[in-house]
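1. fold the following for me, if possible:
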Amino acid sequence: MTSKSSLYLSTIVFGFLLTSPTASTAQTPAAQTPTAESQQPAASSGTSTDLFLMPGSDFDRPGLVPRANLNIGIGHTFGFLKKDPIGDELTFAYTYENAGSHGFFHTNFGSHTEALGVMKNFGLPKTKVVTSYTWIQAGLTSFTGYAHVENRFYDGEALGAVIHFNDHNSIWIQESYNKIPTVPWYTTTGIGYTWSW
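-> This next block holds a predicted model:
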């Protein structure tokens with residue numbers, strides 16, 4: 001399967017999930033009457049949609065190799081998954097990472113990854129400003145710059161913290177373990193901005 005077709009397929013699947021009846025805005029009797037409880041932030045009411053952007057650099061380990069790593073994605077939290085131990089938010093993300101000799105600059109040698117994931121959000125004791133999450137992703141990585149595009153399976157696990165400025169704006173800080181067949185494992189530290197609604 002090519003990188004483009006997997007991107008189209010993933011987008012269709014994720015769009016279906018966002019428009020499914022469980023993710024719709026069907027009103028319950030409690031939601032029809034505005035009260036103080038129904039006007040709490042989306043995160044505490046059970047569902048939210050997150051658009052995240054993680055630009056900048058990573059320090060890949062082992063070796064502390066500086067690399068440009070640009071990540072954009074979208075996730076939706078489902079209220080009925082709140083008690084699921086694996087996750088309550090389904091995500092789709094695209095990541096570009098430069099694999100050439102100029103770590104922070106674009107070269108022909110890059111990796112392009114489309115990944116579906118599941119994220120588990122949980123609160124921390126005695127604070128509502130900072131929450132935490134785990135994130136498991138799987139997808140397809142395409143290496144460019146060679147005689148032909150090389151596609152590989154991608155697996156990533158991350159642990160992160162979210163600093164909430166208000167109901168809509170937050171910063172994510174995460175540590176990720178990544179594995180691609182034929183490539184040594186590596187870990188990355190990333191930081192990014194998230195807008196939620």
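2. T188 - how many residues pack around it?
-> Other residues within reach of T188, judged by other CB atoms under 10 Å, total 22. Just so you know, the C-beta spots here come from the backbone N, C-alpha and C atoms, and that holds for glycine as well.
3. buried residues in the host helix or strand of it?
-> Element membership for T188 (DSSP states H and E) is strand 183-196. Going by neighbour count (16 or more other CB atoms under 10 Å), the buried part of strand 183-196 is Y186, T187, T188, G190, G192, T194, S196.
4. what does stretch 163-175 give?
-> Under 16+ other CB under 10 Å, the buried positions of stretch 163-175 are H164, S170, W172, Q174.
5. and those residues as a markdown table, adding distance to T91 and secondary structure?
-> As requested, those are exported to a markdown table (distance: CB to CB, whole Å; DSSP: H, G, I helix; E, B strand; the rest coil):
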| residue | distance to T91 | secondary structure |
| --- | --- | --- |
| H164 | 18 | strand |
| S170 | 15 | strand |
| W172 | 12 | strand |
| Q174 | 12 | strand |
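6. what is the nearest of these to Y146?
-> Nearest to Y146, judged by CB to CB, of those is Q174 at 29.6 Å.
7. what's across from that closest one in the sheet?
-> On the basis of DSSP bridges, Q174 is bridged to G160, G190.
8. and it, how far from S111?
-> From Q174 over to S111 the distance is 18 Å, taken as CB to CB, to the nearest Å.
9. could you do T49 as well?
-> Counting by CB to CB - T49 and S111 are separated by 27 Å.
10. when the two are compared, which one has more neighbours?
-> Using other CB under 10 Å, the more surrounded residue of T49 and S111 is S111, with 21 against 15.
11. how many residues are close by L81?
-> Here the number of neighbours of L81 (other CB under 10 Å) works out to 18.
12. how about it: what's its closest non-neighbour residue?
-> Using CB to CB, 6 or more residues apart in numbering and skipping residues adjacent in sequence, the residue nearest L81 is D88, 4.1 Å away.
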